[in-house]
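Undergrad: next come a sequence and a model predicted from it.
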Amino acid sequence: MKVVICGAGIAGLALANRMAALDWEVVVLEHAPGPRAQGYMIDFFGPGYDAAEAMGMVPAIEAVAYRVDEASLLDEHGRRRAGIRVDQFAAAIGDRLLSVTRPDLERVLRDHLPADRVDLRFGTSPVHIEDDGERVRVTLDDGSVLDADLLVGADGIHSSVRRMVFGPEERFLRYLGFHTAAYRFSDPAVHAMVRGRFCLTDTVGRQMGFYGLRGGEVAAFAVHRTPDPALPADARAAVRREYGSLGWVVPDALDQCPPPSEVYYDQVAQVDMPAWSRGRVALVGDACFAVSLLAGQGASLGIAGAYVLADQLTRAGSIRAGLERYERIWRPVVAEKQKVARDGARWFLPASPAQLRLRHVVLRFSRLPVVDRVVAGALAGKSTGLVKQLAAQQRPPRLNGLARALFRAPARLYDRNLGWVLGRRFLCLTHTGRKSGRRYRTVLEVVGAGSGEVVVVAGLGRSADWYRNIRSAPAVEIAVGRQRFTPAHRVLGETEAAEVIAAYEHRNRWVRPVVHRLLSKLVGWSYDGTEPARRRLVGQLPLVAFRPAPGSPRG
């Protein structure tokens, strides 16, 4: 199966990682000429943290995270008026929070892409999309054409995929009444003042924030109220005009604002769509459910949404069913976050001196026990354990001592060159550990044979160690009956795999209820042997065919 993903931002890269891990061929298209340096600091927590943990990326994110002690509100002279301790907020959400810049988070996701399964292309964009129901054809701006089973638009709030397939963005964008900007500059004095803190001007209607980056740079963040959603022609001029009246270090920061091409500038908006997919085209992240920076969880929801999308495509019996399930279970989560953002707009940026004073009172009371958890809960919104549940379902079941001994018993026969007593109903696969480099043996049932090939099922799915190992390095040896050979392998497509399972069930029709119960236990749902169930089964449990490699000596 092949997927084309438009957008190499957080959601697109997360989806590419997950789809590649699930054995999809992945092409990622990004219109920018290279990775972006612009972007602001985010508090990374919630379902995105759960998804990153499930994909094994949390240690890498921790390595690029910043220690931020407090978010401080400062007056025009730099005096602290109020603040909230970051560790106080983190404790209220289980200490699963990391402060990281968007460019650093993108770099972690990009560095985890498997080069042999993901084709990442910068400086290219789709110009035409054609979906015939069986495949989707994407024409690029360089004239080349890509055919795929699925196209996913992960290209942000101003998505070109959404525009070409679903209609103009005016139909889906909900402007929230703010513009925002972000840029970086070098100033040792300002860096020393803001290091270890996220410093915000305590102002009405407009606000700038600053924090110190590694290497001595300062990151600036700005947001202001305006009824006009139209973006200015010159981002730098707009930033200097809108924030020129603020005090403290703001004048120095505005003097050092870089050229417009190095300033991130956009409207603050949400995306609200009646449907996230059409045919073989789907959307993920800000392209279909932008919550806005007011919610503070856009990156987290982008990663988690990508994880859920990949998971549901794997579990379902078809792409259409997978897309329907993805939207059905994920839409309520993002709808709640969008409501939190809309309701909290006045809290995020006070519109009057009275609202400013009210914010001071709330933050002072937030230091008290119990109140701190209420404030943190209001900022974070409702928690969801959905991603954790999905990740747990992907883990292979644990075997007890007796089951483990019985499971390993056939391998003992092959260790003693007695595997032939099992006939050709089983094979012994020798494979190399992708991390340890050690050799392992796994005995697998042969579910199909013909044309010089033997076919087996990854009964524990794509998380099976032997399956992951042969995807990283060729298998060392196959022993089946009295024959031994160095193998080549291929993963069967959906149609061929379903046919092999159907033939296997027919050969074992006298014990078919037992086979169905066993398969149901492996996949975690009731398998009934129907064609749709069979296709869903092989989407979750890949089938692999082994054959002697060219020139392989046969024993």
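TA: Thanks, I have the structure now.

Undergrad: show the contacting residues for R107.
TA: P35, V64 (Cβ atoms under 8 Å, 6 or more residues apart in numbering). (Each C-beta comes from the backbone N, C-alpha and C, glycine too.)

Undergrad: same question for Y49.
TA: By Cβ under 8 Å, 6+ apart, the neighbours of Y49 are V58, R96, L97, L98, S300.

Undergrad: how close does it sit to I42?
TA: Distance, Y49 to I42, using Cβ to Cβ, to the nearest Å: 11 Å.

Undergrad: most neighbours among the contacts of Y49, which one is it?
TA: Ranked by neighbour count (other Cβ atoms under 10 Å), these have S300 at the top, with 26 neighbours.

Undergrad: A helix includes that residue, no?
TA: Yes. The assignment for S300 (DSSP: H, G, I helix; E, B strand; the rest coil) places it in a helix.

Undergrad: assign the closest residue to it other than its chain neighbours to helix, strand or coil.
TA: Of all residues not flanking S300 in the chain, G48 sits nearest, at 2.9 Å (Cβ to Cβ, 6 or more residues apart in numbering). Following three-state DSSP, G48 is assigned to helix.

Undergrad: please apply the same query to R490.
TA: Quick answer, by three-state DSSP: R490 is strand.

Undergrad: hmm, M193 is touching W248, no?
TA: No. Taking contacts as Cβ atoms under 8 Å, M193 lies outside contact range of W248: 9.0 Å.

Undergrad: more neighbours, the two?
TA: Ranked by neighbour count (other Cβ under 10 Å), M193 and W248 place W248 first, with 21 against 17.

Undergrad: gap between the top helix by length along the chain and the chain center?
TA: In the chain, taking DSSP state H as the definition, the longest helix is helix 319-343. Its chain's C-alpha centre and that of helix 319-343 lie 15 Å apart, by Cα atoms, centre = their mean, to the nearest Å.

Undergrad: show me which positions of it end up buried.
TA: 319, 321-327, 330-331, 333-334, 337-338, 340-341 (16 or more other Cβ atoms under 10 Å).

Undergrad: tell me which other helices or strands whichever helix or strand comes after it touches.
TA: With elements assigned by DSSP states H and E, the helix or strand that comes after helix 319-343 is helix 345-348. Other elements packing on helix 345-348 under the criterion 3 or more Cβ pairs under 8 Å, 6 or more residues apart in numbering; DSSP states H and E are strand 173-186.

Undergrad: taking helix 319-343 as reference, get the angle to the strand it packs on.
TA: Relative orientation of strand 173-186 versus helix 319-343 (axes from the mean of the first three to the mean of the last three Cα atoms, to 10 degrees): 70 degrees.

Undergrad: distance from strand 173-186 to the middle of the chain?
TA: 24 Å.

Undergrad: check stretch 102-119 too.
TA: So, by Cα atoms, centre = their mean, the centroid of stretch 102-119 is 11 Å from its chain's centroid.

Undergrad: measure it end to end?
TA: Across stretch 102-119, the terminal residues are separated by 22 Å (Cα to Cα, to the nearest Å).

Undergrad: CA atoms only for the strand or helix carrying V362 - export them in CSV, please.
TA: Element membership for V362 (DSSP H and E) is helix 353-365. The C-alpha coordinates for helix 353-365 follow below in CSV (Å, rounded to 0.1, in the frame of the first residue of the first chain):
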residue,chain,number,x,y,z
PRO,A,353,-8.0,46.4,32.2
ALA,A,354,-10.7,44.6,34.2
GLN,A,355,-10.0,41.3,32.5
LEU,A,356,-6.3,41.9,33.1
ARG,A,357,-6.9,42.3,36.9
LEU,A,358,-9.1,39.2,37.0
ARG,A,359,-6.3,37.2,35.4
HIS,A,360,-3.9,38.4,38.1
VAL,A,361,-6.3,37.3,40.9
VAL,A,362,-6.8,33.8,39.3
LEU,A,363,-3.0,33.3,38.9
ARG,A,364,-2.4,34.3,42.5
PHE,A,365,-5.0,31.9,43.8
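
Undergrad: buried residues in that helix?
TA: Buried-residue list, helix 353-365, by 16+ other Cβ under 10 Å: L356, R359, V362, L363.

Undergrad: over to stretch 265-274?
TA: Buried residues in stretch 265-274, defined by neighbour count with 16+ other Cβ under 10 Å: Y265, D266, Q267, V268, A269, Q270, V271, M273.

Undergrad: I'd like these laid out as a markdown table, including secondary structure.
TA: Below are the buried residues of stretch 265-274 laid out as a markdown table (three-state DSSP):
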| residue | secondary structure |
| --- | --- |
| Y265 | strand |
| D266 | strand |
| Q267 | strand |
| V268 | strand |
| A269 | strand |
| Q270 | strand |
| V271 | strand |
| M273 | coil |
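
Undergrad: for those residues, which one is nearest D87?
TA: V268 (27.8 Å; Cβ to Cβ).

Undergrad: tell me the bridge partners for that closest one.
TA: Judged by DSSP bridges, the bridge partners of V268 are F178.

Undergrad: now do the one 10 residues further on
TA: Listed by DSSP bridges, the beta-bridge partners for R278 are V281.

Undergrad: what is the burial count for it?
TA: 13.

Undergrad: same question, the one 3 residues further on
TA: A total of 23 residues lie near V281 under the criterion other Cβ under 10 Å.

Undergrad: re the thing from before, pick the one among the buried residues of helix 353-365 closest to S292.
TA: The nearest member of these to S292, counting by Cβ to Cβ, is R359 at 18.9 Å.

Undergrad: mind checking how far that closest one is from G78?
TA: R359 is 19 Å from G78, by Cβ to Cβ.

Undergrad: which other helices and strands contact the helix holding V362?
TA: Other elements packing on helix 353-365 under the criterion 3+ Cβ pairs under 8 Å, 6+ apart are strand 70-74, strand 80-85, helix 371-380.

Undergrad: how about 6 Å then?
TA: When contacts are defined as 3 or more Cβ pairs under 6 Å, 6 or more residues apart in numbering; DSSP states H and E, helix 353-365 packs onto strand 80-85.

Undergrad: for the helix or strand following the strand it packs on, packing partners?
TA: Toward the C-terminus, strand 80-85 is succeeded by helix 86-92 as the next helix or strand (DSSP H and E). When contacts are defined as 3+ Cβ pairs under 6 Å, 6+ apart, helix 86-92 packs onto helix 371-380.

Undergrad: now with 8 Å, please.
TA: On a contact count with 3+ Cβ pairs under 8 Å, 6+ apart, helix 86-92 meets strand 41-45, strand 97-101, helix 371-380.

Undergrad: strand 70-74 and the second one, what's the angle between them?
TA: What it means is strand 97-101. Going by the same axes, to 10 degrees, strand 97-101 makes 60 degrees with strand 70-74.

Undergrad: switch to numbering from 10
TA: Yep, numbering from 10; the last one is strand 106-110 now.

Undergrad: what's the average pLDDT for strand 106-110?
TA: Model confidence over strand 106-110, given as mean pLDDT, is 91.

Undergrad: residue ranges for the strands of the stretch 460-564 of the chain, please.
TA: 462-466, 486-489, 492-494, 496-500, 552-557 (DSSP state E, counting those that start in this stretch).

Undergrad: so which of those gets nearest H40?
TA: strand 496-500 (31.9 Å).

Undergrad: paired strands for the closest one, with orientation please.
TA: Sheet pairing of strand 496-500 (DSSP bridges) gives strand 552-557 (antiparallel).

Undergrad: and the partner strand, how far from the chain's centre?
TA: Relative to its chain's centre, strand 552-557 lies at 31 Å (Cα atoms, centre = their mean).
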